[in-house]
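# with the input below, show me the fold.
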Amino acid sequence: MPDSKPRVFITRTIPEKALKMIAAACEVIVWDAETPPPRPKLLDELALADGVVSMLTEKIDREALDAAPKLRIISNYAVGYDNVDIEAASERDIPVGNTPGVLTETTADQAFMLLLAAARRLPESIKYVKEGQWQTWFPLQMLGQEVSGATLGIIGLGRIGYAMTKRAKGFGMKFLYHGGSTIEYVERSGAKKVDLETLLTQSDFISIHAPLNDDTRGMIGAEELKLMKNTAILINTARGGVIQTDALLHALKNNIIASAALDVTDPEPLPSDHPLLALDNCIVVPHLGSATHQTRERMGEIAAENLLLGLRGEHLTHCVNPQVYQN
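Purely as a prediction, here's the structure:
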């Protein structure tokens, strides 16, 4: 690095260890509010930055990159990177880093927790007790869906999708999958590859683990939801944009499917008056898939490592556009 410290903009407060790693070598500007920096503030900071640690809430598009003539590295504090225009970054020879691997188990925990909570109507049951409706026991009280022996459909059998099957094996579940995978994940999980229509019609639970891209955006819409069993439960811990929100709302209100459990939404966050939040058969939590102390700290360390490597002109440990090194 040059004698003068490179300037780095961090778009949200990150764990202390990662922040210290960066501050030891860089001039650091941190946006310390819980909400994202306003777009004008983001562009102003990028105009002065040599590097940025961005969150999935920050849109690093062509406009942002045009405003950042000094930018040498984008280190995304996330596995996904649909918030970054990878093509535009690559055109400018800017490497983009992400934080894969470390949040696999944590996110799979979250997905399976949501599956169980929806299957046994956990939020409804808690509300039922707190509102004084629990007067006695009776045979048809708060009936849910059986998990043991059920069929779990995985959309995207990658790291997290495979980790989901490991948890589900303890419940004797059977697995179908659609989308990309590896021979290792298929053989270890015993999942059967099927087309999307077959997965939707045959699965009791459907868990989405696909990245958001042109192929997956809005892939679960009205027609897909109609194919599902009326007892089926849809879980999404990937990206909200994979599901068409209005179509899901209609399906839940009209008992086309039994319920949904969402860690991610479109839009994100959902407005507090959004009709999905008024439904008893829809669980919505605020994008907490990786939200453990250990995982968020390790994500911070990887993001810091990527940033510092990029500022030194060295290859990133985790780079989503390695083609920039061909130049």
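# just checking, Ile208 touches Val242?
Yes. Under the criterion of Cβ atoms under 8 Å, Ile208 makes contact with Val242 at 5.5 Å. C-beta here means a position set from N, CA and C on the backbone, and glycine is covered the same way.
# what sits in contact with each of those two?
Here Ile208 and Val242 share the contacting residues Ile155, Ile220, Asn236, scored by Cβ atoms under 8 Å, 6 or more residues apart in numbering.
# okay, strands next: where are they in the stretch 151-300 of the chain?
Secondary structure of the stretch 151-300 of the chain (DSSP state E, counting those that start in this stretch): strands located at 151-155, 174-178, 192-193, 205-208, 233-236, 259-262, 282-284.
# CSV for the ones you listed, including mean neighbour count and mean pLDDT?
Below are those laid out as CSV (neighbours: other Cβ atoms under 10 Å; pLDDT from 0 to 100):
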stretch, mean neighbour count, mean pLDDT
strand 151-155, 26, 98
strand 174-178, 22, 98
strand 192-193, 14, 97
strand 205-208, 28, 98
strand 233-236, 28, 98
strand 259-262, 25, 98
strand 282-284, 20, 98
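# any chance of these in JSON lines with distance to Ala163 as columns?
Below are the strands of the stretch 151-300 of the chain laid out as JSON lines (distance: least, Cβ to Cβ, whole Å):
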{"stretch": "strand 151-155", "distance to Ala163": "10"}
{"stretch": "strand 174-178", "distance to Ala163": "12"}
{"stretch": "strand 192-193", "distance to Ala163": "18"}
{"stretch": "strand 205-208", "distance to Ala163": "11"}
{"stretch": "strand 233-236", "distance to Ala163": "14"}
{"stretch": "strand 259-262", "distance to Ala163": "17"}
{"stretch": "strand 282-284", "distance to Ala163": "20"}
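# output the shared contacts of Ile208 and Val242 as JSON lines; include the columns distance to Phe112.
As requested, those are exported to JSON lines (distance: Cβ to Cβ, whole Å):
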{"residue": "Ile155", "distance to Phe112": "15"}
{"residue": "Ile220", "distance to Phe112": "19"}
{"residue": "Asn236", "distance to Phe112": "13"}
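# for Glu105, which of the strands of the stretch 151-300 of the chain is the nearest?
Taking Cβ to Cβ, strand 205-208 is the member of these nearest to Glu105, at 14.9 Å.
# tell me which strands and helices that closest one is in contact with?
Applying 3 or more Cβ pairs under 8 Å, 6 or more residues apart in numbering; DSSP states H and E, we find strand 205-208 packed against helix 104-119, strand 151-155, strand 233-236.
# what's the last one in contact with?
Think strand 233-236. Contacts for strand 233-236 (Cβ under 8 Å, 6+ apart): 111, 114-115, 118-119, 145, 204-208, 220, 225, 228, 242-243, 248, 257-264.
# let's see 7 Å
111, 114-115, 118-119, 145, 205-208, 242-243, 257-264 (Cβ atoms under 7 Å, 6 or more residues apart in numbering).
# could you report the neighbour count for Ser90?
A count of nearby residues for Ser90, using other Cβ atoms under 10 Å, gives 18.
# go on, Glu124?
17.
# could you verify that it is part of a strand?
No. The assignment for Glu124, made by DSSP: H, G, I helix; E, B strand; the rest coil, is helix rather than a strand.
# what sits against Ser75?
Gly51, Val53, Gly97, Ala303, Asn306, Leu307, Gly310.
# can you give me the end-to-end span of stretch 56-69?
22 Å (Cα to Cα, to the nearest Å).
# typed the wrong thing, it's stretch 187-197
OK, stretch 187-197 end separation, Cα to Cα: 22 Å.
# pull out the buried residues from that stretch.
Ser189, Ala191, Val194 (16 or more other Cβ atoms under 10 Å).
# got a list of contacts for it?
Residues outside stretch 187-197 that contact it (Cβ under 7 Å, 6+ apart): Ile154, Leu157, Tyr162, Thr165, Phe175, Leu176, Tyr177, His178, Leu227.
# can you lay out the residues you listed as a markdown table showing distance to Asp61?
A markdown table is the format used below for the contacts of stretch 187-197 (distance: Cβ to Cβ, whole Å):
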| residue | distance to Asp61 |
| --- | --- |
| Ile154 | 31 |
| Leu157 | 30 |
| Tyr162 | 32 |
| Thr165 | 35 |
| Phe175 | 37 |
| Leu176 | 36 |
| Tyr177 | 32 |
| His178 | 30 |
| Leu227 | 35 |
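# most widely separated two among those residues?
Tyr162 and Leu227 (24.4 Å).
# can I get stretch 19-35 in CSV, CA atoms only?
The C-alpha trace of stretch 19-35 is given here as CSV (Å, rounded to 0.1, in the frame of the first residue of the first chain):
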residue,chain,number,x,y,z
LEU,A,19,-13.0,-3.1,12.2
LYS,A,20,-9.7,-3.1,14.0
MET,A,21,-8.1,-5.2,11.2
ILE,A,22,-9.1,-2.5,8.7
ALA,A,23,-8.4,0.5,10.9
ALA,A,24,-4.8,-0.7,11.5
ALA,A,25,-4.1,-0.1,7.8
CYS,A,26,-6.7,2.3,6.5
GLU,A,27,-8.4,5.6,7.1
VAL,A,28,-11.9,4.3,8.0
ILE,A,29,-15.3,6.0,7.7
VAL,A,30,-18.2,4.1,9.2
TRP,A,31,-21.9,4.7,8.7
ASP,A,32,-23.0,3.8,12.2
ALA,A,33,-26.8,4.0,11.9
GLU,A,34,-28.8,0.8,11.8
THR,A,35,-30.4,1.9,8.5
